[in-house]
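>>> following is a predicted model, sequence given first.
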Amino acid sequence: MDDQNKNLILATVLSLLVIVVWLVVFPAPEPTTAPDETATATDAAPEGDTALTPGTAGAPAATGETPAAGAAEAEAETSDAPRIGIDTPAVAGSISLRGGRIDELSLKNYRQTLEPGADIVHLLNPTGTAKPYYALFGWAPGAGLDPEGVPGANTLWQAEDGATLTPDSPVTLTWENGAGLTFTREISVDDKYMFTVTQSVENTGEGAATLAPYGIIARHGLPADLKNFFILHEGAIRMADGELNEIDYDDFETASAHEQIAVSEEGWTGFTDHYWMTALIPVTDSGFSMSTFQDTRRDIYQTTVKQPALTLAAGESAEVTTQLFAGAKEYETIRAYQEAGVAKFDDSIDWGWFFFLTKPIFALLHWLNSVIGNMGWSIILLTLIIKALLLPLAYKSYVSMAKMKELQPEMEKIKERAGDDRQQLQKEMMALYKKEKVNPASGCLPILLQIPIFFSLYKVIFVTLELRHAPWFGWLRDLSAPDPSSIFNLFGLLPWAAPEPGSILALIFIGILPLLLGISMWLQQKLNPAPTDPTQKMIFAWMPWVFMFMLGSFASGLVIYWIANNTITFAQQYAIMRSQGYKPDVFGNIVSSFKRDRSKPADDAAKPRKGDKS
């Protein structure tokens, strides 16, 4: 076997290895399923379970495995307490007057699945449900102030009867501690996902009072729909003075040994899921601190912001404001909040290591979709734009490949002259390349550039909300999921369902898009005659179909990109080859690929056959 065959086989094996590793590390998205709403009482959070609240004002947050002073266990499930409804164009839910918690929230514009009548997405849940997830606010008492004299997780607030929180009607909660402090909490919401919580306190007593405002987002247990994909961050996220930090659930510090992050100017912190997020955003010029930890005893993950302590003399009052984002990570919405002053809020979308590519790629794709109104056609047009930008490199690559073919006879002569002298072979080859002004590596450059672009587009399609449940046409109703059609039921013509996504049968009985991918790769090969070497010919013959099955489980949006890329590459290469005086015989190469090669190698024909006389 000559070096050329060895190199080809090695390149093929490495390519397949890359695909296998990719499928293992970056598995195809799993179908979205509705949460189990039949949880029994044993699945629900224990009664009285609540987040740890900060301790004494001016001191660090609670550092023990039990609630800090002044943070008693919840006396009853929040479902038993009076509630204030929430109703906006984007969300629906309620606020519990037990602690004034924002603990019930659903996203009106998003469904759990594509099935007719599917439930809308539930983001926040009160204690007493299977997966409590809520935001609460309060005040940490200063020295000399009774912990029961400040509002916390279990304070029963008062509100106007029949009040409902809407974009046009904020709600006001009040509570008096009976010792001269009157607390007021005004909650407002916009028409998207941003709540504004303004906490105020008035000291009508005779002595001074010191206390510090805080906000908490608490999550009991791991999310029910946790993906655990390497390509996607799920867990806590925080921005502190321009520095983004992501904490996986496995990396949460314990409540007894967690770090306080001091923020001098601006920042925010919260939890991020695949498509949804909650975040606390203090509105202050005096700095604040934030922390992220897990109460391992009760399996509660929480993130906290605590603003500086205030000392109020008799007759004085003060107020602080904290914003709460709770909703979908919509690009336009996130960007609007960033422009309104939330620092680097678009980094809450997981752009990944190639953010310098994923951000502009998505921005262009998003703009195309806003013009066209269809994400599938936008992906195809995006592919065309990318290929146009890479055309100068592609042109040089194809011209170089054409010249290399012209030099093939001369290269064969050099090999014959050099024999086993590899040093002389390399020397004469380099001299030939220099004389003919050919760069043998130039053909690899467009391929190398395609790799980060491909990874970035995969990231964009997988992590961005705009691709979730985005249809193209016909049976392709979700471009973030694999093609649901299957050979198993003749693409829906036979009266039985296709194999379950992710199963072995689904990998074998692929859909229409993977088939088109294989055909597009096969046609691209037919621009050139099949190699004369049997080993090369076999590898080239099988490669499109191997890749077809291996990439069949990728998101259909990515497969559309690859098909479009192959089609445009075919057209580019055909045109460039014609411009260089070579007319590809595509039809002839296709016909020849179906003809059986009946010729026998000369040395094989010379061997005596069984039964022949010597």
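Good, I have the coordinates.

>>> C-alpha only now, for contacts and for neighbours.
Will do.

>>> how is the protein carved up into domains?
Residue ranges for the domains of the chain, per automatic domain parsing: 3-28+359-377+444-595, 78-350.

>>> wait, what's in contact with Leu173?
By CA atoms under 8 Å, 6 or more residues apart in numbering, the contact set of Leu173 is 100, 157-159, 184-186.

>>> before we move on, what about Glu176?
With CA under 8 Å, 6+ apart, Glu176 has these contacts: 182-183.

>>> swap in Ile487?
Applying CA under 8 Å, 6+ apart, the residues contacting Ile487 are 509-512.

>>> do you know how far it is from Ala159?
Relative to Ala159, Ile487 is positioned 60 Å away (criterion: CA to CA, to the nearest Å).

>>> ditto for Glu202
As judged by CA to CA, Glu202 and Ala159 stand 18 Å apart.

>>> where does the stretch 101-250 of the chain dip in pLDDT?
For the stretch 101-250 of the chain, no stretch is flagged by pLDDT under 70.

>>> which stretches in it count as strands?
Taking DSSP state E, counting those that start in this stretch as the test, the strands found in the stretch 101-250 of the chain are 101-111, 120-124, 133-141, 164-165, 171-176, 181-189, 194-203, 209-220, 235-240, 243-248.

>>> packing partners for the third one?
I take that to be strand 133-141. Helices and strands touching strand 133-141, by 3 or more CA pairs under 8 Å, 6 or more residues apart in numbering; DSSP states H and E, are strand 101-111, strand 120-124, strand 209-220.

>>> which of the strands of the stretch 101-250 of the chain sits most buried?
strand 133-141 (a mean of 27; mean count of other CA atoms under 10 Å).

>>> would JSON lines of the contacts of Ile487 with neighbour count, secondary structure and distance to Leu357 be doable?
Formatted as JSON lines, the entries for the contacts of Ile487 read as follows, by neighbours: other CA atoms under 10 Å; DSSP: H, G, I helix; E, B strand; the rest coil; distance: CA to CA, whole Å:
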{"residue": "Phe509", "neighbour count": "19", "secondary structure": "coil", "distance to Leu357": "34"}
{"residue": "Ile510", "neighbour count": "26", "secondary structure": "coil", "distance to Leu357": "30"}
{"residue": "Gly511", "neighbour count": "25", "secondary structure": "coil", "distance to Leu357": "30"}
{"residue": "Ile512", "neighbour count": "16", "secondary structure": "helix", "distance to Leu357": "29"}
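
>>> so what's the gap between the helix or strand containing Pro392 and the chain middle?
Under the criterion DSSP states H and E, the helix or strand holding Pro392 is helix 391-406. Counting by CA atoms, centre = their mean, to the nearest Å, helix 391-406 is centred 37 Å from the centre of its parent chain.

>>> what count of nearby residues applies to Gly588?
The number of residues packed around Gly588, counting by other CA atoms under 10 Å, is 13.

>>> buried residues in whichever helix or strand it is part of, which are they?
When elements are defined using DSSP H and E, Gly588 is found to belong to helix 586-594. Of all the residues in helix 586-594, those buried under the rule 16 or more other CA atoms under 10 Å are 586, 589-590.

>>> do the same with stretch 346-363
Along stretch 346-363, the positions that meet the burial threshold by neighbour count (16+ other CA under 10 Å) are 346-352, 357-359, 361-362.

>>> so who does the residue most central in space within the chain touch?
Nearest residue to the geometric centre of the chain (CA atoms, centre = their mean): Val463, 2.4 Å. Under the criterion of CA under 8 Å, 6+ apart, the contact partners of Val463 comprise 232, 274-275, 349-351.

>>> please repeat the previous calculation with a cut-off of 10 Å.
By CA atoms under 10 Å, 6 or more residues apart in numbering, Val463 lies in contact with 29, 231-233, 273-275, 329, 349-352, 480.
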